[in-house]
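In: Have a look; sequence and predicted model below, questions after that.
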Amino acid sequence: MQADLPLAGPAPAGFMGLVARMGAFALTILVILLGFSLLSWTIILRKYLTLREIESQSRAFVAFFRKSPRLSEVNTYCEHYRHTPLTGLFAAGYQELNAQLQSLGEKRGGANPGGHPVLNDRGLEAIQRALQRASAAEASILERSMSWLASTATVTPFIGLLGTVVGIINAFQGLGMEKTASIQAVAPGIAEALVATAAGLFAAIPAVLAYNQFVHRIREVAAEMDDFAAEFMSLVERSFS
């Protein structure tokens with residue numbers, strides 16, 4: 001005698017089972033949190049690769065800058081180190097230096113062409129300002145997309161909490177319509193509601209960790225830019241003052 005076969009498979013269990021039983025509002029919350037999480041992870045990966053490339057090229061560029069005998073040679077090879085913000089600082093300082101030397105030569109009317117050019121305090125301050133502007137611009141580029149990570153870390157737990165609160169309200173409303181109340185009746189609804197909180201934390205925790213790490217590394221890059229600007233100014237002062 002053959003055993004009777006079940007007419008339908010068992011209901012899905014675990015996380016996927018909870019998701020399958022969710023209502024439209026809870027699913028909308030999960031989709032929003034999934035979008036935040038995917039975009040956050042994309043930013044994390046790109047920012048990590050960018051900062052790693054900056055760290056590698058910055059060391060190489062500083063070493064080349066220190067051993068090069070002429071600033072014009074460094075300017076020629078800046079394209080090989082375009083991923084480090086130090087080349088942006090150098091280009092800004094080098095262009096302003098050439099502009100100041102050209103202006104100085106025009107004021108002298110070409111007299112004493114073989115003489116050593118000497119920059120005054122005003123010229124040195126102009127180069128310093130050019131370096132500061134370039135440093136601010138490079139810092140702005142480094143901080144790009146960081147606000148999204150901060151927003152993800154701040155907002156997603158509250159979005160998940162909103163889904164949980166609405167889910168619990170719905171669960172207790174359904175329980176109030178029943179003639180008998182039991183933990184078996186309310187537990188599935190509460191479990192489904194808590195999935196939203198878990199999803200919010202899943203999106204927020206990596207964003208918090210990545211944001212703090214990237215802020216620390218961006219500060220290190222900013223300190224390197226300050227050190228390079230000071231080194232560039234010291235070289236200019238020794239050579240042209």
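Out: Everything's here; your move. Numbers count the residues shown, from 1 in each chain.
In: rest of the way, CA atoms for contacts and neighbours
Out: OK.
In: for the residue nearest the centre of the chain, what are its contacts?
Out: Nearest residue to the geometric centre of the chain (CA atoms, centre = their mean): Met146, 3.9 Å. Applying CA atoms under 8 Å, 6 or more residues apart in numbering to Met146 gives the contacts Tyr211.
In: Give me the distance between it and Ala204.
Out: 14 Å (CA to CA, to the nearest Å).
In: what about Thr31, helix or strand, and which?
Out: For residue 31 the amino acid is Val, not Thr. Secondary structure assignment for Val31, by DSSP states H and E: helix 24-67.
In: Are there helices or strands packed against that helix, and which ones?
Out: Applying 3 or more CA pairs under 8 Å, 6 or more residues apart in numbering; DSSP states H and E, we find helix 24-67 packed against helix 71-76, helix 85-108, helix 146-176, helix 183-240.
In: Quick check: which of these is nearest to Tyr48?
Out: helix 183-240 (7.9 Å; CA to CA).
In: which secondary structure elements does that closest one contact?
Out: Packed next to helix 183-240, using 3+ CA pairs under 8 Å, 6+ apart, are helix 14-20, helix 24-67, helix 85-108, helix 121-142, helix 146-176.
In: between those, which one is nearest to Asn75?
Out: helix 85-108 (6.8 Å).
In: Pull the distance from that closest one to the chain's centre.
Out: 32 Å (CA atoms, centre = their mean, to the nearest Å).
In: Can I get the helices and strands packed on helix 24-67 in JSON lines including mean pLDDT and distance to Ala126?
Out: Putting those into JSON lines (pLDDT from 0 to 100; distance: least, CA to CA, whole Å) gives the following:
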{"stretch": "helix 71-76", "mean pLDDT": "90", "distance to Ala126": "18"}
{"stretch": "helix 85-108", "mean pLDDT": "87", "distance to Ala126": "7"}
{"stretch": "helix 146-176", "mean pLDDT": "86", "distance to Ala126": "31"}
{"stretch": "helix 183-240", "mean pLDDT": "88", "distance to Ala126": "11"}
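In: Out of those helices, which gets nearest to Leu38?
Out: Of all the helices and strands packed on helix 24-67, helix 183-240 comes closest under CA to CA, at 8.5 Å.
In: Quickly note the distance from Ala171 to Thr164.
Out: With CA to CA as the criterion, Ala171 and Thr164 are 10 Å apart.
In: Settle it for me: which of the two has more neighbours?
Out: Thr164 (24 against 20; other CA atoms under 10 Å).
In: just checking, that one touches Ala196?
Out: Yes: contact criterion CA atoms under 8 Å: Thr164 and Ala196 qualify, at 5.6 Å.
In: before we move on, what SS does Met22 have?
Out: At Met22 the chain is in coil, as set by DSSP: H, G, I helix; E, B strand; the rest coil.
In: Run a quick neighbour tally on Ala204.
Out: Applying other CA under 10 Å, I find that Ala204 has 25 neighbouring residues.
In: Without its sequence neighbours, what residue ends up closest to it?
Out: Ala153 (4.2 Å; CA to CA, 6 or more residues apart in numbering).
In: a markdown table please, covering the helices and strands packed on helix 183-240 and showing distance to Cys78.
Out: Formatted as a markdown table, these follow (distance: least, CA to CA, whole Å):
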| stretch | distance to Cys78 |
| --- | --- |
| helix 14-20 | 53 |
| helix 24-67 | 8 |
| helix 85-108 | 6 |
| helix 121-142 | 15 |
| helix 146-176 | 27 |
